[in-house]
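Q: just coords:
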C-alpha cells in the first residue's frame, strides 16, 4: 500500500486512539500515537510527522499549550480535536497556531477529508524555486520562501494559519475574494456554512497589524461578497 504521509495522533483515550490509528493506517498513512501532552514535542522531533492531530484535553500538558510550544519550530499542519461544547477551544487553538479543528466525536471520513485537504494545501503552498518569493503590498512584505512577514521592515510574528490567510489575501490584494475561495486556498476545502475559523483569523490579523476592527482599512469585510486587502492602506 502507498504511504500518503506520517501522522502523529495525540489522544489520551486509548481505545479511540487505536481505532482512529487503525483507520488511518488502513487508508495508507503511517500513524504514531501519543497519549500525553508532555510527550508531544519529543515525539514530533523524533517522528517528524506531516501532520499532527492534537486533542485539547490531555494529561501532563493541555493541547493549547502544546500547540503553542510546537509552533516555535514545527510548521506543518496541526488539527485540533475539540469537544462540541468547548467553543473557546477552537478560538484559542487558532490563535496559538492550529491550522484547523475537528469537533468530537470524531467521524473517520470527515477527519480523513480534513487531513487530505490540509496536506494538499501545504503541498500547494510550498514555494517554487524561482526568484519571485517576495509579495509586496505597500509596506507589507511577505517572503514566501522563509515564511517571514515584515511591516515597515519590522518582522511580525504570525501563526501558520494566519500566514496562509495573509499570503492569499496579499496575493489577491485589491480584489474581493469570497469566503469559499479563502477556504479552498487555506484549508483545501469548501466553506461548510458553519466554520468560524476564517473570522477568527481575520480578527487576529487585524489586531496584529493595528487595523481597527470596527472600521478596518487594511483588511475589509465586504458583506455578502468576501474580503478585500486594500493595498493603499498598507
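A: In hand now; what should we look at? What you see is a predicted model, and the numbers here were worked out from it, not measured in a lab.
Q: all helices of the chain, in order?
A: Secondary structure of the chain (DSSP state H): helices located at 14-26, 40-47, 63-70, 87-95, 108-124, 160-171, 179-187, 197-208.
Q: which other residues reach the second one?
A: Residues outside helix 40-47 that contact it (C-beta atoms under 8 Å, 6 or more residues apart in numbering) are 6, 8, 10, 32, 34, 52, 54, 61, 66, 69, 70, 74. Every C-beta, even on glycine, is put in place using the N, C-alpha and C of the backbone.
Q: identify the farthest-apart pair in the residues you listed.
A: In these, two members sit farther apart than any others by C-beta to C-beta. They are 6 and 61, at 21.9 Å.
Q: nearest spatial neighbour of the spatially most central residue of the chain, skipping sequence neighbours?
A: Centroid-nearest residue in the chain, with C-alpha atoms, centre = their mean: residue 99, separated by 1.6 Å. Here the nearest residue to residue 99 in space, its sequence neighbours aside, is residue 77; by C-beta to C-beta, 6 or more residues apart in numbering that works out to 4.1 Å.
Q: mean pLDDT for the helices of the chain: which is lowest?
A: Per-stretch mean pLDDT for these is lowest at helix 87-95 (a mean of 66).
Q: quick check: the nearest residue to residue 110 once chain neighbours are set aside vs residue 185, distance?
A: Once flanking residues are discounted, residue 110 sits nearest to residue 102: 6.9 Å by C-beta to C-beta, 6+ apart. Here the distance between residue 102 and residue 185 works out to 20 Å (C-beta to C-beta, to the nearest Å).
Q: domains in this protein, as residue ranges please.
A: Residue ranges for each domain of the chain read 5-124, 134-233, as given by automatic domain parsing.
Q: beta partners of residue 227?
A: Applying DSSP bridges to residue 227 yields these beta-bridge partners: residue 177, residue 221.
Q: was I right to think it contacts residue 221?
A: Yes - counting by C-beta atoms under 8 Å, residue 221 is a contact partner of residue 227 at 6.0 Å.
Q: joint contacts of those two?
A: The contact lists of residue 227 and residue 221 share residue 202, where a contact means C-beta under 8 Å, 6+ apart.
Q: looking at those two now, which is surrounded by more residues?
A: When neighbours are counted by other C-beta atoms under 10 Å, residue 227 comes out ahead of the other of residue 227 and residue 221, with 22 against 16.
Q: pull the contacting residues for that one.
A: For residue 227, counting by C-beta under 8 Å, 6+ apart, the contacting residues are 169, 176, 177, 179, 182, 202, 219, 220, 221.
Q: and stretch 227-234, what's its mean pLDDT?
A: Taken as a whole, stretch 227-234 has an average pLDDT of 88.
Q: going forward can the numbers begin at 14, since that is how I track them
A: All set: I'll call the first residue 14, so the last point we hit is now stretch 240-247.
Q: next, the distance between the ends of that stretch.
A: Using C-alpha to C-alpha, to the nearest Å, the gap from the first to the last residue of stretch 240-247 comes to 15 Å.
Q: buried residues in it?
A: Of all the residues in stretch 240-247, those buried under the rule 16 or more other C-beta atoms under 10 Å are 240, 241, 242, 243, 246, 247.
Q: of those residues, which is the nearest to residue 170?
A: Comparing these against residue 170 with C-beta to C-beta places residue 247 closest, at 17.8 Å.
Q: which ones are touching the closest residue to that closest one other than its chain neighbours?
A: Distances taken as C-beta to C-beta, 6+ apart put residue 151 closest to residue 247, at 3.0 Å, once the chain neighbours are dropped. Remark: with contacts taken as C-beta under 8 Å, 6+ apart, residue 151 is in contact with 244, 245, 246, 247.
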